[in-house]
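Trainee: how would this look folded up:
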Amino acid sequence: MGADHHGPAKGITRWFFTTNHKDIGTMYLWFSFAMFILGGIFALVIRAELFQPGLQIVKPEFFNQMTTMHGLVMVFGAIMPAWVGLGNWMIPMMIGAPDMALPRMNNWSFWILPFAFAMLAATLFTEAGAPNFGWTFYAPLSTTYAPETVTFFIFGVHLMGMSSIMGSINIIATIMNMRAPGMTYMKMPMFVWTWFITAFLLIAVMPVLAGAVTMMLFDIHFGTSFFSAAGGGDPVLFQHVFWFFGHPEVYIMILPAFGVVSEVLPTFARKPLFGYSSMVYATASIAFLSFIVWAHHMYTVGMPIAGELFFMYATMLIAVPTGVKVFNWITTMFKGSMTFETPMLFAIAFIILFTIGGFSGLMLSLAPLDFQYHDTYFVVAHFHYVLVQGALFALFCGVYYWLPKWTGHMYDEGLSKAHFWMTFIGVNTAFFPMHFVGLAGMPRRIPDYALQFADFNMLSSIGAYITGFSQLIFVVCVIKCIKGGVKATDKVWEGSHGLEWTVPSPAPYHTFSVPPQVK
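Mentor: From the prediction side, this is the model:
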C-alpha cells in the first residue's frame, strides 16, 4: 500500500503516497496545527490594532482582511481538519478495523487541503489583497464589491468542501462496514458515534456551501443576479443559503468534541459513562435540530414575526439535548475516584466554559434581545467560548489523552499542565471582557472604537497574546513526547493508578461498581 516493488516507501514519498490511516491522521493533525498558528497570527494582528482606541498599526482595509482570513483559516483549516485527523487515527482502532474503508481516497482528501489553503493564503500577496468581506462572506460585499481575489477564495472553498465530503464518506463507510464482530452500533465508543453523526451532517451541508459560492461565482463573472436586487435577485437569499450550511457547520465542529470529552471523563473518574444511550440520542437530536434553526443568525433582516418565533423556539430547544449531555458528564464524575491529569483538566474546563458559551447562545436565541446583541462583540464572545473553550479545548484534551498511544511515550505532565493553565487564563482574559463591551454596544469587525471600551479591549488583547504564546509550550510538549520520554505501557496512566487505556463508553453489563484494579 503506497509502496514500490522494493519494499515500503521511505522518506518523503511515504507521506505523499501513504494509505495508512495513522499516517494520514498525523498529517491532518500537523496541517491543522500549522493553520492554527497562521490563524492565530491573524488574530494577534486584530488584537494588536484593538489594544487601544484609534488607528495605529494596520489600515482598516487590511484589518477587514485579517478578520476574514482569521475566521476562514480557523474554521476550515484548523478545527475541522484536526477533528478529521483524530477521527482517522482513532475510529479504525476503536471499532476494530484494520484501516479506513477507502484508503486511497483518504490520502487524496488530505492532499487537496494544503493546495486549497495555499491558494487562499496566496491572496495576501496580491495587489488586490485578501478577501475582506468577513468569514460569512455576505453578498453583495463578496460579489459586487469584492476584490478580484474572491475567485481564488471560491475555488479554495470548493476544494475544501470536496475534501470534507470524501473524508465523511470514508468515515461512514468505515463505521458501517468494518466494525469488529460483536461491535454493535450501541456498543460503539462515544467518539465514534459523534463522528458518525458529524459525517452525515457534513455530507448534507457541504454541497449547500458549494451552491452558495457557485452562485457567487456566476454573479461575479457570468452576469447572473442571484444576490443582486437590481437584477431581480435578493442579498437575503445569500444569508439563507449560507446559514443553512453555517449553522450545522458549527455543530460539525463541536459534536466530535462531545465525543472526546465522553471518552476522557470516564477514564479519569474511573466510572462508566453515565447514560450512554441518552448521549447517543442527544447527539442525534442536536444534529437534527441544527438544520432547522439557521435563521436565528438573521433576526435583523426583517422576517415576519411567525418566522422569528419559530426560529426562536427551535433554537431554545437545542438547549435540551445539550443539557442532557452536560448532566450526564457531571453525573459521570459524581462520586468517581477522580484524578486530574492534563486531559481531565481540559475536559472539565470544556464542560464549564462550553456551558457559559451555551448560556450566551440561549440569550442570542431570543429575538427581541438579539436585536440589541446582533453584530456586537457579545456575539464574538459567545462563539469563541463555544469554539475555543469548546472545540479547541476538546482537541487538546484528545491529543494529550491519546498522545501516549500514538507515540509510545508519556508526555511531560508538568509542561502540559503549564500549557493548560496558561491557555485557560489567556482565553478567559481574552474573551470574557468581550461580553461586557458587546452589551455596551461595541460593534464587531471595526478597527477603531469609542474611548469607554479601552480598558476591556486592552485586557482582551493581553489575554489573546498570552493564549497565542502558550501554544509554544504545546509544541515543545508534543515534540518532546514524539522524540522520547517515559515509555507508555498498555495501561498508560499506570504511574499513579493502574488504569486501562479507556473505560469503554457503554457501561459494562455485569456491574456499575468501581473497576476491580482500583478498589
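Trainee: Not counting its neighbours along the chain, what's nearest Val75?
Mentor: Using Cβ to Cβ, 6 or more residues apart in numbering and skipping the chain neighbours, the partner closest in space to Val75 is Trp135 (6.5 Å). For glycine as for every other residue, the C-beta is placed from the backbone atoms N, C-alpha and C.
Trainee: Likewise for Met27?
Mentor: The nearest residue in space to Met27 (Cβ to Cβ, 6+ apart) is Phe110, at 5.5 Å.
Trainee: Report how many residues lie close to the one you found.
Mentor: Number of residues near Phe110 (other Cβ atoms under 10 Å) recorded here: 24.
Trainee: In what element of secondary structure is it found?
Mentor: Here Phe110 sits within helix 103-122, counting by DSSP states H and E.
Trainee: Check the offset of that helix from the chain's centre.
Mentor: Centroid separation for helix 103-122 versus its chain: 18 Å, with Cα atoms, centre = their mean, to the nearest Å.
Trainee: on that earlier part again, doesn't the residue nearest to Val75 belong to a helix?
Mentor: No: Trp135: not assigned to a helix; according to DSSP: H, G, I helix; E, B strand; the rest coil it is coil.
Trainee: Let me see the contact set for it.
Mentor: Contacts here follow Cβ atoms under 8 Å, 6 or more residues apart in numbering; on that basis Trp135 touches 67-68, 70-72, 75.
Trainee: Recalculate using a threshold of 6 Å.
Mentor: By Cβ atoms under 6 Å, 6 or more residues apart in numbering, the residues touching Trp135 are 68, 71-72.
Trainee: And for Tyr449?
Mentor: For Tyr449, the contacting residues are 53, 442, by Cβ under 6 Å, 6+ apart.
Trainee: count of residues packed around Leu472?
Mentor: Counted by other Cβ under 10 Å, the residues lying close to Leu472 total 12.
Trainee: just Gly231 next, same as before
Mentor: By the measure other Cβ under 10 Å, the count of residues near Gly231 is 11.
Trainee: cool, and Thr13?
Mentor: Residues contacting Thr13 under the criterion other Cβ under 10 Å number 13.
Trainee: what helix or strand is it on?
Mentor: Thr13 is located in helix 11-17, with elements delineated by DSSP H and E.
Trainee: what is the mean pLDDT for that helix?
Mentor: For helix 11-17, mean pLDDT is 89.
Trainee: So what's the gap between that helix and the chain middle?
Mentor: Taking the mean of its C-alpha atoms, helix 11-17 sits 28 Å from the chain's own mean (Cα atoms, centre = their mean).
Trainee: show me the contacts for Ala97.
Mentor: Neighbour list for Ala97: 174, 178 [criterion: Cβ under 6 Å, 6+ apart].
Trainee: my bad, should have said Ala48
Mentor: Ile57.
Trainee: Could you number the chain from 26 rather than 1 from now on?
Mentor: Yep, numbering from 26; the last one is Ala73 now.
Trainee: separation between it and Phe403?
Mentor: Ala73 is 22 Å from Phe403, where distance means Cβ to Cβ, to the nearest Å.
Trainee: Same question for Ser390.
Mentor: To Phe403, Ser390 is 13 Å away according to Cβ to Cβ.
Trainee: Looking at the two, which has the bigger crowd around it?
Mentor: The neighbour comparison of Ser390 against Phe403 (other Cβ under 10 Å) goes to Phe403, with 25 against 21.
Trainee: is it true that that one lies in a helix?
Mentor: Yes: if the criterion is three-state DSSP, then Phe403 is within a helix.
Trainee: Chain neighbours aside, what residue packs nearest to it?
Mentor: Once flanking residues are discounted, Phe403 sits nearest to Gly463: 2.8 Å by Cβ to Cβ, 6+ apart.
Trainee: Is that neighbour in contact with Asp400, as I believe?
Mentor: No: the criterion here is Cβ atoms under 6 Å, and Gly463 misses it with Asp400 at 9.4 Å.
Trainee: residue boundaries of the helices in the stretch 426-544 of the chain?
Mentor: 438-464, 479-508, 519-522 (DSSP state H, counting those that start in this stretch).
Trainee: Same question for the stretch 76-225 of the chain.
Mentor: Applying DSSP H, counting those that start in this stretch to the stretch 76-225 of the chain gives helices spanning 85-97, 105-120, 128-147, 175-202, 215-246.
Trainee: Packing partners of the second one?
Mentor: What that stands for is helix 105-120. helix 46-74, helix 215-246 (3 or more Cβ pairs under 6 Å, 6 or more residues apart in numbering; DSSP states H and E).
Trainee: quick one: buried residues of that helix?
Mentor: Neighbour-count burial for helix 105-120 flags 105-120 (criterion: 16 or more other Cβ atoms under 10 Å).
Trainee: what's the closest of those residues to Phe283?
Mentor: Distance to Phe283, by Cβ to Cβ, is smallest for Trp108 among those, at 11.3 Å.
Trainee: I'd guessed that closest one sits against Pro281; true?
Mentor: Yes: at 4.4 Å, Trp108 counts as touching Pro281 under the criterion of Cβ under 6 Å.
Trainee: just the helices of the stretch 426-544 of the chain: most buried one?
Mentor: Mean neighbour count (mean count of other Cβ atoms under 10 Å) peaks for helix 438-464 among the helices of the stretch 426-544 of the chain, with a mean of 20.
Trainee: packing partners for that helix?
Mentor: Other helices and strands packing on helix 438-464, by 3+ Cβ pairs under 6 Å, 6+ apart, are helix 367-390, helix 402-411, helix 479-508.
Trainee: That helix - what's its average pLDDT?
Mentor: Mean pLDDT, helix 438-464: 97.
Trainee: Against Lys442, how distant is Asn509?
Mentor: Asn isn't right for residue 509; it's Gly. Gly509 is 20 Å from Lys442, where distance means Cβ to Cβ.
Trainee: If you could redo that for Gly271, that was the one I meant.
Mentor: Between Gly271 and Lys442 the computed distance is 36 Å (Cβ to Cβ).
Trainee: One more: Lys512?
Mentor: Counting by Cβ to Cβ, the gap from Lys512 to Lys442 is 21 Å.
Trainee: Can you check what pLDDT the model gives Lys512?
Mentor: As predicted, Lys512 sits at a pLDDT of 87.
Trainee: just the one 5 residues further on next, same as before
Mentor: Confidence at Val517, expressed as pLDDT, is 70.
Trainee: Likewise for the one 5 residues further on?
Mentor: You'll see His522 listed with a pLDDT of 41.
Trainee: List the buried residues for stretch 38-56?
Mentor: Under 16+ other Cβ under 10 Å, the buried positions of stretch 38-56 are 40, 42-46, 48-54, 56.
Trainee: Okay, now it: how far is its last residue from its first?
Mentor: End-to-end span of stretch 38-56 (Cα to Cα, to the nearest Å): 17 Å.
Trainee: Go ahead and measure how far that stretch is from the middle of the chain.
Mentor: How far stretch 38-56 lies from its chain's middle: 20 Å, per Cα atoms, centre = their mean.
Trainee: got a list of contacts for that stretch?
Mentor: 26-27, 34, 106, 109-110, 113-114, 117, 124-125, 128-129, 131-132, 135.
Trainee: Please identify which of those is nearest to Met203.
Mentor: Nearest to Met203 among the contacts of stretch 38-56: Pro117, at 7.3 Å, using Cβ to Cβ.
Trainee: Wait, Leu127 touches Asn195, no?
Mentor: Yes: the criterion here is Cβ under 6 Å, and Leu127 meets it with Asn195 at 4.8 Å.
Trainee: between these two, who's got more neighbours?
Mentor: When Leu127 and Asn195 are compared for neighbours, Asn195 comes out ahead with 24 against 18, by other Cβ under 10 Å.
Trainee: Give me the local confidence score for that one.
Mentor: pLDDT recorded at Asn195 is 97.
Trainee: rewinding a little: reformat the helices and strands packed on helix 438-464 as a markdown table; add mean pLDDT and distance to Phe335.
Mentor: Below are these laid out as a markdown table (pLDDT from 0 to 100; distance: least, Cβ to Cβ, whole Å):
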| stretch | mean pLDDT | distance to Phe335 |
| --- | --- | --- |
| helix 367-390 | 97 | 12 |
| helix 402-411 | 97 | 21 |
| helix 479-508 | 97 | 35 |
